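Asks: here is the input, now give the coordinates:
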Amino acid sequence: MSDKVCVGAITGSFGVRGEARVKSFCAEPAALGNYGPLSDETGERSFTLTIIRPVKGGFAVRLSGVKTKETADALKGTRLYAARDALPALPDDEFYQADLIGLAVVDTGGADRGQVHAVLNHGATDLLEVRRKGESGTTLVPFTNEIVPTVDLTGGRIVVDPPEGLFEDEG
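Replies: Below is the predicted model of the structure:
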């Protein structure tokens with residue numbers, strides 16, 4: 001497990017004084033400002049984030065060291081990471097998305113189905129994008145208790161009980 005977790009992303013500038021627009025990936029979106037300094041993926045840049053107000057698609061924020069609209073625009077697409085130990089502990093049936101990516105996926109019969117490539121959410125429920133073993137394609141697996149009965153972070157695997165046809169085009 002990584003020692004940092006992605007909690008948001010800079011989506012552009014907001015206004016003319018260097019404020020940025022940030023999309024929160026937190027379960028409680030406004031908690032984005034509670035996790036201390038945030039860093040970029042490499043850890044080379046660190047930002048203290050102050051939420052100014054909610055805006056469509058996220059929050060208008062001030063980022064330390066960002067004084068101009070051009071600087072904020074240049075940061076567009078930067079993902080923001082918090083130190084794992086700054087985040088709250090989760091109940092047993094909840095997981096940080098970062099912990100799921102890379103886990104092996106096996107079905108209830110033990111057959112290797114691939115590896116979690118991404119966690120997506122388009123509104124209804126989270127979907128695990130599983131890169132299938134030995135193939136270039138992916139399968140989207142609904143991340144529900146019925147279809148994903150076991151998440152074993154220690155063992156590095158997820159057990160799926162896929163409905164018939166979910167992995168149908170596998171050979």
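
Asks: are we agreed that residue 32 is in a helix?
Replies: Yes. Residue 32 sits within a helix when classified using DSSP: H, G, I helix; E, B strand; the rest coil.

Asks: beta partners for the closest residue to it other than its chain neighbours?
Replies: Using Cβ to Cβ, 6 or more residues apart in numbering and skipping the chain neighbours, the partner closest in space to residue 32 is residue 24 (4.3 Å). Every residue, glycine included, has its C-beta placed from N, CA and C. Beta-bridge partners recorded for residue 24 (DSSP bridges): residue 8.

Asks: any idea how far residue 24 is from residue 52?
Replies: Distance of residue 24 to residue 52, given as Cβ to Cβ, to the nearest Å: 14 Å.

Asks: and residue 29, what does it touch?
Replies: Applying Cβ atoms under 8 Å, 6 or more residues apart in numbering to residue 29 gives the contacts 58, 59.

Asks: got phi/psi on it?
Replies: Dihedral angles phi and psi of residue 29 (degrees, to the nearest 10) take the values phi -50, psi -40.

Asks: same check, this time on the one 10 residues further on
Replies: Note on residue 39: its backbone torsions stand at phi -120, psi 170 [degrees, to the nearest 10].

Asks: quick one: the strands in this protein?
Replies: In the chain, the strands defined using DSSP state E lie at 4-13, 20-24, 38-39, 46-47, 49-55, 58-63, 79-83, 104-107, 112-121, 126-131, 138-142, 150-152, 157-160.
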